[in-house]
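*Asks:* For reference, the sequence and a predicted model appear below.
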Amino acid sequence: MASSRVGPGGGSALARGLCAGQCLTRLDVSDNPMTAEAAAALAACVAQQPNLTYLNLNDTALTDDGVTEVCRALAAAAPKLQELELALNEVRVICAWVWACVAVQDWHTS
């Protein structure tokens, strides 16, 4: 789904559809301006994917709040995650640093 130019409504619908299964190992929705409006649906989706190893959310305009919501879901429910891409999401340095620390702690203690 990379570079499909899916907006907030489409991103939410896509995430809800992907929640139907639990077999995703890789998900790339980069370069889709979903904004923080789609973050709740994305978080719910990744929370249902225990085998997720790679997630690319580059350039999805999630902002601090959206990235925080998705990272919380990942830290709680994606123990196999090895690679997370968040570039170009208008995230402040402090938000990225805090969530990186939380994620590393949660994923390494699981």
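*Replies:* Now that the structure is in, tell me what you want to look at.
*Asks:* OK, contacts around the residue nearest to Gly21 when sequence neighbours are not counted?
*Replies:* Closest residue to Gly21 apart from its sequence neighbours, by CB to CB, 6 or more residues apart in numbering: Gln48 at 8.0 Å. (Each C-beta comes from the backbone N, C-alpha and C, glycine too.) Contact analysis of Gln48 by CB atoms under 8 Å, 6 or more residues apart in numbering lists Cys19, Gly21, Gln22, Ala77.
*Asks:* what's the most distant pair in the residues you listed?
*Replies:* The largest distance within those, taken as CB to CB, falls between Gly21 and Ala77 and amounts to 14.4 Å.
*Asks:* Counting neighbours, go ahead and name the busier of those two.
*Replies:* Ranked by neighbour count (other CB atoms under 10 Å), Gly21 and Ala77 place Ala77 first, with 18 against 9.
*Asks:* For the residue nearest to the more buried one when sequence neighbours are not counted, give its distance to Ser4.
*Replies:* Distances taken as CB to CB, 6+ apart place Ala47 nearest to Ala77, at 4.3 Å, with adjacent residues excluded. For Ala47, the distance to Ser4 (CB to CB, to the nearest Å) stands at 23 Å.
*Asks:* And those two? Which one has more around it.
*Replies:* Remark: of Ala47 and Ser4, Ala47 carries more neighbours, 17 against 13, as counted by other CB under 10 Å.
*Asks:* Now name the helix or strand holding the residue nearest to the spatial centre of the chain.
*Replies:* A centroid search over the chain (CA atoms, centre = their mean) returns Val70, at 4.6 Å, as the residue closest to the centre. Using DSSP states H and E, Val70 sits within helix 63-77.
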